[in-house]
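K.L.:
Prediction below, plus the sequence it came from.
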Amino acid sequence: MTRRSLRLAQRRRRCAPAKMLLATLGTVGAIVLGVTAGGGTYAAWTAAAPAAAAATLQAGSAELSAADLKLSATGMYPGRTAYSSSVVRNTGTTPLALALGNVAAATSNGLTAALVVTVGTTASAADCTAGRVTPKATTSVGSGVASDLQVTLAPGASATLCVGLSLPLTAPASAAGITASGLSLTIRGTQVHP
């Protein structure tokens, strides 16, 4: 390449952006001129309508009621289990999944530390009293760990729970002759998401 052709190429490269800008401005100008000269009617439409009746929103509720548990566990010895049933009802407005919550004792001693609590569902109180119910959850007094009972109650529905209180064969000698009173059992209901 000669010096002269090199200078011409450099000049063309410097002029190229200016030529492109002029061509773009010319095109935009022609479009604006065409739209303006052509005339016409332009409109932006907006529509509004009143809402029908106002909607009322109401939060649901999660509530359980349970019949008193009458569990007599006097004369407990290693290997014995006492059973009693209680009907739990969903008195709220949302489905609830049931779980065995905390089992607590008013006093903590060797007997309460050894006790095992089981809960299952049953069709009849007689099956529960006879010990013919397979437990869905097992815990010890004071564990505080929730166990799923594999039962979901629709609003207004109920289930009969069978609670078993046992002293295992492996109970320590320190559990002998001690009294445990004031045991409380918590059944939890957790909302089931649709």
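P.N.:
Right, received. Where do you want to start?
K.L.:
Can you get me the start-to-end distance on stretch 152-169?
P.N.:
33 Å (C-alpha to C-alpha, to the nearest Å).
K.L.:
Give the buried residues for it.
P.N.:
153, 155, 158-167 (16 or more other C-beta atoms under 10 Å). (Glycine included, C-beta is placed from N, CA and C.)
K.L.:
And for stretch 59-67?
P.N.:
62, 64.
K.L.:
how about it as CSV, C-alpha atoms only?
P.N.:
Extracted C-alpha coordinates of stretch 59-67, given in CSV (Å, rounded to 0.1, in the frame of the first residue of the first chain):
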residue,chain,number,x,y,z
ALA,A,59,-59.2,-15.4,58.4
GLY,A,60,-59.7,-19.0,59.2
SER,A,61,-59.1,-20.5,62.7
ALA,A,62,-57.3,-23.5,64.0
GLU,A,63,-58.9,-24.9,67.1
LEU,A,64,-59.0,-28.3,68.8
SER,A,65,-61.1,-29.6,71.7
ALA,A,66,-60.5,-32.8,73.5
ALA,A,67,-62.5,-34.8,76.0
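K.L.:
Any figure for the gap between the residue nearest to Ala171 when sequence neighbours are not counted and Val163?
P.N.:
Nearest non-adjacent residue to Ala171, counting by C-beta to C-beta, 6 or more residues apart in numbering: Ala114, 4.2 Å away. Separation of Ala114 from Val163 (C-beta to C-beta, to the nearest Å): 17 Å.
K.L.:
just Ala123 next, same as before
P.N.:
16 Å.
K.L.:
Show me what Val88 is bridged to.
P.N.:
Note on Val88: beta-bridge partners by DSSP bridges are Ala66, Ala159.
K.L.:
quick one: contacts for Ser65?
P.N.:
88-89, 91 (C-beta atoms under 8 Å, 6 or more residues apart in numbering).
K.L.:
All good on my end, thank you.
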